[in-house]
Every structure is written in structure tokens, then in C-alpha cells.
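Participant: from the sequence below, what's the structure:
(one chain, ligands or ions: 1)
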Amino acid sequence: GSPEQVTGIDDLPVRDELRGKSPYGAPQLDVPVRLNTNENPYPLPEPLVERIAERVREAARDLNRYPDRDAVELRTELAKYLTKTGNHRVGLENVWAANGSNEVIQQLLQTFGGPGRTAIGFEPSYSMHALIARGTGTAWVSGPRNEDFTIDPAAAEQAIAEHRPDVVFITTPNNPTGNAVPPETVLALYEAAQAAKPSMVVVDEAYIEFSHGDSLLPLIEGRPNLVVSRTMSKAFGAAGLRLGYLAAHPAVVDAVQLVRLPYHLSAITQATALAALEHTDTLLGYVEQLKAERDRLVAELRAIGYEVTESDANFVQFGRFADAHEAWQKILDQGVLVRDNGVPGWLRVSAGTPAENDAFLDAVRELKKEQR
Ligand code: PMP
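Facilitator: From the prediction side, this is the model:
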């Protein structure tokens with residue numbers, strides 16, 4: 001039509017696969033207690049804020065120049081962090097970083113997915129895997145999970161054999177359900193994926209620091225098609241920084257550089273991330289508090305009479321509700337924002353500070369009384 005008749009997206013010549021779709025949109029509402037996006041509730045400690053300011057001031061002096069395109073110092077420090085915490089020695093050549101693990105995932109799909117190719121995830125899982133697949137023209141297959149949200153290896157292997165995906169996503173601990181995937185299952189799916197077609201297996205460990213179990217980082221040894229994806233958004237309490245990274249065979253690091261935009265990581269981002277990594281020990285101290293709060297949420301929700309999915313993350317999935325959206329609204333009416341991920345019967349709450357969690361528990365206690 002003529003330009004005057006354009007009233008919305010569908011009047012524009014957008015790609016067919018984007019028509020009628022909605023963007024990722026967790027509500028950003030101004031409520032007293034926000035426990036809906038798995039953020040870390042603790043602001044960065046003041047000494048770290050000072051260190052960021054110092055590092056950013058230094059970086060600002062060079063802002064007339066493009067940043068280090070290969071982010072060498074940052075990748076070196078990330079490799080040290082992984083080596084120290086992941087039971088496996090990695091170096092600069094094994095590590096790649098980008099603006100959030102969302103961008104890491106996008107670069108992986110641009111490299112190994114794309115038109116004519118297919119990716120699979122076992123749902124419910126992190127919804128952005130499917131959305132980034134769509135954005136990169138990669139076909140998406142929704143693989144199965146059991147009623148209790150665990151992955152049945154036989155059913156998952158069958159889906160892999162049937163669809164022969166180019167990229168397999170395994171999120172552990174899984175979002176939004178919270179449960180971790182046993183290493184044996186990851187290995188079985190890796191073997192199945194290699195047998196079907198040499199394909200990339202992306203282990204999304206966004207929440208691994210909160211897990212009772214260990215990182216699967218050692219599995220990259222001898223498995224060039226296995227990628228571990230990580231983020232500073234959760235454990236490092238730096239969601240606003242936008243820094244994600246991956247660990248893999250050096251060939252994978254070379255491959256993603258075919259699609260990354262030049263200078264994608266700003267000098268400010270690199271400086272800030274480096275400052276945060278200097279304070280790793282303090283930040284990981286908060287992780288211990290959050291794990292304890294997570295375990296308390298699980299125990300108290302069960303005591304109130306809710307069903308809870310086993311959690312290895314900084315959030316808890318609870319239910320069941322005849323109408324999860326109605327329950328979400330009733331909790332919101334009490335000033336507490338949780339997440340309705342569209343999993344029928346279930347809601348998700350992020351572990352906050354002890355006071356925030358108390359406010360949440362009060363709200364769901366009220367809700368339970370009403371349901372009786
Ligand atoms: N993976 C999973 C499983 C997540 O839950 C998230 C954030 N919600 C991400 C990746 C992306 O995080 P970021 O881009 O902030 O690193």
C-alpha cells in the first residue's frame with residue numbers, strides 16, 4: 001500500500017517468518033518486589049563500582065579508537081575464571097565473548113544454523129533459543145520433556161535421529177523449570193547428535209554457578225562439536241553489563257569470528273567486565289547466599305502446599321495452578337512480580353534478598369488460603 005496506509009508491522013515487507021510474531025517481552029513493571037527475570041538482587045559492591053569507574057575512565061581516553069577486536073585481555077581473564085571454577089584447564093584460544101550469552105547464541109546459530117538448517121531444544125526451555133533460531137532463519141524443532149520436566153534420553157535421542165538437527169540446545173540448569181540435566185544425558189545426546197549428522201551441541205550453562213553439581217566444561221575435551229555457553233548476567237550480578245561467553249575447541253572460536261560484527265564488544269563493556277572479574281570472589285559470595293535462599297524457597301513453598309520442581313538455579317518453578325496467569329495476577333496485586341512463562345499450571349520466582357523472598361512467601365501463602 002501507500003506509505004500513509006502503514007499502520008503496523010504487517011503493513012511492512014517483513015520476512016514471512018516474522019509476521020504475526022511478538023518480540024521477547026518479560027514485563028518491566030515498577031513494583032516493590034521484582035522476582036521475574038532471574039536477576040541477582042544484590043547491587044554491585046561499592047569497591048567494585050569504584051573500580052569500574054576507574055577502568056572506564058581509562059578506557060574513555062582511548063574512545064577515539066576502536067576497541068580490541070579480539071578482546072584478548074578479557075578472554076584471558078574469563079579463561080582463568082573457567083579454569084579455576086570448572087575443573088578443566090582452558091586458555092584464551094578456547095574462549096569467546098559477546099554482548100550477553102544471547103549474542104553468543106546468535107553467533108552460534110549464524111555460524112552453524114541458518115536457512116536450510118535446523119536447531120532443536122527440549123521444551124519448556126529458554127524461549128530465546130527458538131526466537132534466535134527464527135531470527136537467523138534456522139528451522140526450530142521443539143523436542144520433548146517428561147511430565148516432571150526431566151529429559152528422557154531415549155525420547156530425546158529419537159527426536160534427534162528423526163530431525164537430524166544441525167544445532168542441539170541443552171540448557172542445564174534449565175530455565176524456566178530449574179532442574180539440571182545429568183551429565184550422562186548430555187553425553188548420550190552428544191553421541192546421538194554426532195551419529196545423526198555432525199552437529200553442534202550447545203550446553204547453555206547460564207545458571208551453572210547456582211547448581212548443586214559441577215559445570216560440564218570438562219566435556220569440551222576431545223569433543224570439538226560441544227560448546228559451553230556462560231554469562232555474567234546471573235552469578236556476577238551484572239545483567240546490565242551484557243557480557244556472555246563460550247568455551248569450546250579453538251576451531252569453534254575461529255568459526256564464530258566469521259559472523260561476529262567487527263568491534264562488537266565496546267571498550268566500555270570490556271573495561272567493565274574486567275573490573276567485575278577482579279572482584280570474582282566477592283561476587284561469588286553472593287551466589288552462596290542466593291543458593292541458600294533458593295533452597296529456603298523450595299522448602300517453604302512445599303511446606304505451604306505447593307508443588308516445586310527441583311532447582312539447581314537462582315529461581316524456582318512452583319505450581320500447580322488451574323489458571324497460572326490468574327495466580328500470577330493475584331501475586332502481582334500483592335506487589336510481587338513473578339514470571340508466567342506460559343508453562344500450563346506453573347509459575348517461576350527468582351531468588352531475591354531474604355526480605356523480598358519473605359514478601360513473596362507471604363503473597364503465595366495468602367493465595368493458597370484463597371484456593372482452599
Ligand atoms: N541462557 C539462559 C538459559 C537464560 O535464562 C538467559 C537469560 N535469561 C540467557 C541465556 C541470556 O542471558 P544474557 O544474554 O543476559 O547472558
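Participant: where does the nearest residue to E370 once chain neighbours are set aside sit: helix, strand or coil?
Facilitator: Leaving aside its sequence neighbours, E370 sits nearest to K330 (CB to CB, 6 or more residues apart in numbering; 7.4 Å). Glycine gets a C-beta too; all of them are placed from N, C-alpha and C. Assigned by DSSP: H, G, I helix; E, B strand; the rest coil, the conformation of K330 is helix.
Participant: from what I can see K330 touches Q371, true?
Facilitator: No - look at K330 against Q371 with CB atoms under 8 Å: they stay out of range, at 9.6 Å.
Participant: show me the contacts for A79.
Facilitator: For A79, the contact set (CB atoms under 8 Å, 6 or more residues apart in numbering) comprises V90, G91, L92, N94, V95, A247.
Participant: equivalent analysis for N87, please.
Facilitator: Listed by CB under 8 Å, 6+ apart, the contact set of N87 reads D214, S215, L217, P218.
Participant: one step back: filter the contacts of A79 down to the buried ones.
Facilitator: Neighbour counting by 16 or more other CB atoms under 10 Å classes V90, L92, N94, V95, A247 among the contacts of A79 as buried.
Participant: need the max-distance pair from those residues.
Facilitator: L92 and A247 (10.9 Å; CB to CB).
Participant: how about the helices in the stretch 101-250 of the chain?
Facilitator: 127-135, 153-163, 183-196, 250-256 (DSSP state H, counting those that start in this stretch).
Participant: related to what we said a few turns ago, in terms of neighbours, single out the busier of K330 and Q371.
Facilitator: Set side by side, K330 and Q371 show unequal neighbour counts under other CB atoms under 10 Å, the larger going to K330 at 18 against 11.
Participant: pull up the per-residue confidence for the more buried one.
Facilitator: Model confidence at K330, given as pLDDT, is 97.
Participant: mind checking how far it is from S215?
Facilitator: 38 Å (CB to CB, to the nearest Å).
Participant: repeat for P23
Facilitator: Between P23 and S215 the computed distance is 31 Å (CB to CB).
Participant: quick one: contacts for whatever residue of the stretch 51-200 of the chain ends up closest to the ligand?
Facilitator: Relative to the ligand, the nearest point of the stretch 51-200 of the chain is G100 (2.7 Å; CB to the nearest ligand atom). Shown in contact with G100 (CB under 8 Å, 6+ apart): T231, S233, R242, L243, G244.
Participant: again, only using 10 Å
Facilitator: Listed by CB atoms under 10 Å, 6 or more residues apart in numbering, the contact set of G100 reads Q106, M128, A206, T231, M232, S233, A239, L241, R242, L243, G244, Y245.
Participant: can you narrow those residues to ones near the ligand?
Facilitator: Filtering the contacts of G100 for proximity to the ligand by CB under 6 Å from any ligand atom leaves A206, T231, S233, A239, G244.
Participant: any chance of the buried ones among the contacts of A79 in a markdown table with pLDDT and secondary structure as columns?
Facilitator: Formatted as a markdown table, the buried ones among the contacts of A79 follow (pLDDT from 0 to 100; DSSP: H, G, I helix; E, B strand; the rest coil):
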| residue | pLDDT | secondary structure |
| --- | --- | --- |
| V90 | 98 | coil |
| L92 | 98 | helix |
| N94 | 98 | helix |
| V95 | 98 | strand |
| A247 | 98 | strand |
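Participant: ok, those vs V31, which is closest?
Facilitator: Of all the buried ones among the contacts of A79, V31 sits closest to A247, with 36.7 Å by CB to CB.
Participant: that closest one pairs with what?
Facilitator: V95, V228 (DSSP bridges).
Participant: what parts of this structure come near the ligand?
Facilitator: 38, 100-102, 126, 171, 175, 204, 206, 231, 233, 239, 244.
Participant: the residues you listed into a markdown table, with extra columns for distance to D30 and pLDDT?
Facilitator: Formatted as a markdown table, these follow (distance: CB to CB, whole Å; pLDDT from 0 to 100):
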| residue | distance to D30 | pLDDT |
| --- | --- | --- |
| N38 | 19 | 93 |
| G100 | 23 | 98 |
| S101 | 27 | 98 |
| N102 | 24 | 98 |
| Y126 | 26 | 97 |
| T171 | 30 | 98 |
| N175 | 24 | 97 |
| D204 | 30 | 98 |
| A206 | 26 | 98 |
| T231 | 25 | 98 |
| S233 | 21 | 96 |
| A239 | 17 | 94 |
| G244 | 27 | 98 |
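Participant: in TSV, list the residues you listed along with distance to A79.
Facilitator: TSV is the format used below for the residues of the chain next to the ligand (distance: CB to CB, whole Å):
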residue	distance to A79
N38	25
G100	19
S101	16
N102	21
Y126	25
T171	23
N175	25
D204	19
A206	18
T231	16
S233	19
A239	22
G244	15
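Participant: now do the strands in the chain.
Facilitator: 33-34, 95-98, 118-122, 139-143, 167-171, 200-204, 226-231, 244-247, 307-308, 315-319, 336-337, 346-350 (DSSP state E).
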